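S.K.: dropping a prediction and its sequence here:
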Amino acid sequence: MMLTVYLAMLDTEAEKQSFEKIYKKYKDQMIGIAFSILNDKYYAEEALDDAFVAIAKTIHSLPQDDELHTSNYVYKVVRNAAIRVLKKNNKSAPLDVYADLNNLSDHQSPLDNLIDQENVKRISDYIKGMSEDSRNILMMRFLHNMSYVDISVSLGINLNTVRTKLKRGTAILQERIEVGYKR
């Protein structure tokens, strides 16, 4: 387990307890953020590992009683780690994540599965053509089921800005879908 490796980096019991609390509370959201940026499971895990190493190195400077500060810090660290991994690997983030057919019902016929696969691909293509802002916010909200507050914190933008961009991005996506189906 990686938690043991991270804890071995820390000196005091208080630091270990603080780190373990952060690890357990934020790990799933952090991997979601990294994946939304990288769209690759292995790169997202690499970014998550880098983020936890960075948190372990700075755990002594985090305030113990300021949850908002801690969550902001954690989200920024993982976002920056994911961006570094993206740049390091010179990878353009494809949106193949939408083509994950494991979520399809087992009760569908092969034809229904094929139709769903085509719809997922079409929607993925529409999202690919959107601005990075809209693309990231749509993925965070609908793919990772992140709350508006979590999106706001992870992107470092105002909550009302998230609402506005999500509303605009959804409208653009809906328009693209409607135009695409009219062809």
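M.R.: It's in.
S.K.: burial of residue 28, as a residue count?
M.R.: Burial of residue 28 is recorded as 10 neighbouring residues (other CB atoms under 10 Å). (Each C-beta comes from the backbone N, C-alpha and C, glycine too.)
S.K.: now do the same for it: its pLDDT.
M.R.: Residue 28 carries a pLDDT score of 90 in this model.
S.K.: which stretch of helix or strand covers it?
M.R.: Using DSSP states H and E, residue 28 falls within helix 13-38.
S.K.: ok, the residue nearest to the spatial centre of the chain to residue 158 distance?
M.R.: The structure's the chain has its C-alpha centroid closest to residue 33; by CA atoms, centre = their mean the separation is 2.0 Å. Residue 33 is 18 Å from residue 158, where distance means CB to CB, to the nearest Å.
S.K.: where does the prediction get shaky in the protein?
M.R.: 1, 90-121, 123-124, 142-145, 180-183 (pLDDT under 70).
S.K.: which parts of it are helices?
M.R.: Here the chain has its helices, by DSSP state H, at 2-8, 13-38, 41-58, 67-88, 110-128, 132-138, 148-155, 159-182.
S.K.: so how far is residue 152 from the residue nearest to residue 43 when sequence neighbours are not counted?
M.R.: Excluding the flanking residues, the one nearest residue 43 by CB to CB, 6 or more residues apart in numbering is residue 85, at 5.2 Å. For residue 85, the distance to residue 152 (CB to CB) stands at 23 Å.
S.K.: still on that earlier bit, got the angle for the helix holding residue 28 vs helix 41-58?
M.R.: Inter-element angle recorded for helix 13-38 and helix 41-58: 150 degrees (by axes from the mean of the first three to the mean of the last three CA atoms, to 10 degrees).
S.K.: could you pull out the buried residues of helix 13-38?
M.R.: Residues of helix 13-38 classed as buried: 15-16, 18-19, 22-23, 26-27, 29-38 (neighbour count, 16 or more other CB atoms under 10 Å).
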